[in-house]
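[1] The following comprises the amino acid sequence and a computationally predicted model.
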Amino acid sequence: MTERIRILIVDDHAVVREGLRAFLGVQPGFEIVGEAADGEEAVERATQLEPDIVLMDLVMPTLDGVSAMRALRRRCPRCRVIVLTSFLEDERLLPALEAGAAGYLLKNSQPAELARAVRAAHSGEAIIDPTVAARLVHALSDRPQGTAFDRLTSRERDVLTLIASGRSNKRIALELGISEKTVKTHVGHVLAKLGVTDRTQAAVLAVRHGLLTGS
């Protein structure tokens, strides 16, 4: 029997939590293990339940989503957090991605896209809403020093660029004409050389370095 993806829903609006539970609860391979109404409760519930995926709103009372994500990295490091929010402001977007979000979707996303994001996050990939990705490119104008990027091979740079564009490992393999196993190896090397722990953080650095702007 295929292992089920265990999901914790975090939002301060009961109607949103109910809607997410109704949709995700009937998806094949998904199991809703709990809910939380604020960031503080989310950290407590995640520590107790150890879900695979946490769907996290950003603007909540008591403890906001970004602060909760930072706490989860200490308390429940195996949990993968997908941001699901109505907000696209830079002051919320960038801290959420830098806190390690495994996805960033707007609440007007199609339900199928949300389900795809959950499965992608569970497999170690990241889904970022195209509107969010476009905003990210414009928001990150400062460039870091290139020493870490200088250590990347040409192929690793290609892989990183596609990661930052939101491509899955399977899609990267198709576009570069290599095996998915080889892509996973390249991704591991990229993360190690950049000193980051996940694809989202690598994508943020890639955009800051200008890999998506043709510079």
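    The structure has been received and is ready for your questions.
[2] Next, the contact list for the residue nearest in space to the middle of the chain, please.
    The residue lying closest to the centre of the chain (CA atoms, centre = their mean) is residue 102, at 1.6 Å. The contact partners of residue 102, by CB atoms under 8 Å, 6 or more residues apart in numbering, come to 53, 80-82, 120-121, 125-126, 198-200. Yep, even glycine has a C-beta here, placed from its N, CA and C like the rest.
[3] Now do the buried residues in the top helix by length along the chain.
    Using DSSP state H to define each element, the chain has its longest helix at helix 180-194. Neighbour counts over helix 180-194 (16 or more other CB atoms under 10 Å) mark 183, 186-187, 189-191, 193-194 as buried.
[4] now these in CSV, with distance to residue 13?
    CSV is the format used below for the buried residues of helix 180-194 (distance: CB to CB, whole Å):
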residue, distance to residue 13
183, 38
186, 41
187, 36
189, 42
190, 38
191, 35
193, 41
194, 37
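[5] returning to what we had before: separation between the residue nearest to the centre of the chain and residue 26?
    Relative to residue 26, residue 102 is positioned 23 Å away (CB to CB, to the nearest Å).
[6] now do residue 85
    As for residue 85, its distance to residue 26 is 23 Å (criterion: CB to CB).
[7] When those two are compared, which one has more neighbours?
    Between residue 85 and residue 26, counting by other CB atoms under 10 Å, residue 85 is the more crowded of the two (21 against 8).
[8] neighbours around the residue nearest to that one when sequence neighbours are not counted, how many?
    Leaving aside its chain neighbours, residue 85 sits nearest to residue 58 (4.4 Å; criterion: CB to CB, 6 or more residues apart in numbering). By the measure other CB under 10 Å, the count of residues near residue 58 is 25.
[9] do residue 177 as well
    By the measure other CB under 10 Å, the count of residues near residue 177 is 6.
[10] Check it and give its pLDDT.
    The confidence metric pLDDT takes the value 92 at residue 177.
[11] before we move on, what about the one 5 residues further on?
    As predicted, residue 182 sits at a pLDDT of 89.
[12] just residue 200 next, same as before
    The model reports residue 200 with a pLDDT of 82.
[13] wait, doesn't it sit right on residue 126?
    Yes: if you go by CB atoms under 8 Å, residue 200 and residue 126 touch, sitting 4.7 Å apart.
[14] so what sits against both of the two?
    By CB under 8 Å, 6+ apart, the residues touching both residue 200 and residue 126 are 101-103.
[15] Next, residue 88: secondary structure please.
    When classified by DSSP: H, G, I helix; E, B strand; the rest coil, residue 88 comes out as coil.
[16] Make residue 1 into 18 and carry on from there
    I'll keep to 18 as the first residue from here, and by that count the last item is residue 105.
[17] So what does it have for phi and psi?
    The phi/psi pair for residue 105 (degrees, to the nearest 10) reads phi -130, psi 10.
[18] what's near enough to touch it?
    With the criterion set at CB under 8 Å, 6+ apart, residue 105 makes contact with 123, 148-149, 152.
[19] Apply 6 Å and report the result again.
    Taking CB atoms under 6 Å, 6 or more residues apart in numbering, we find residue 105 in contact with residue 152.
[20] picking up where we left off before, do you know the pLDDT at the residue nearest to residue 102?
    92.
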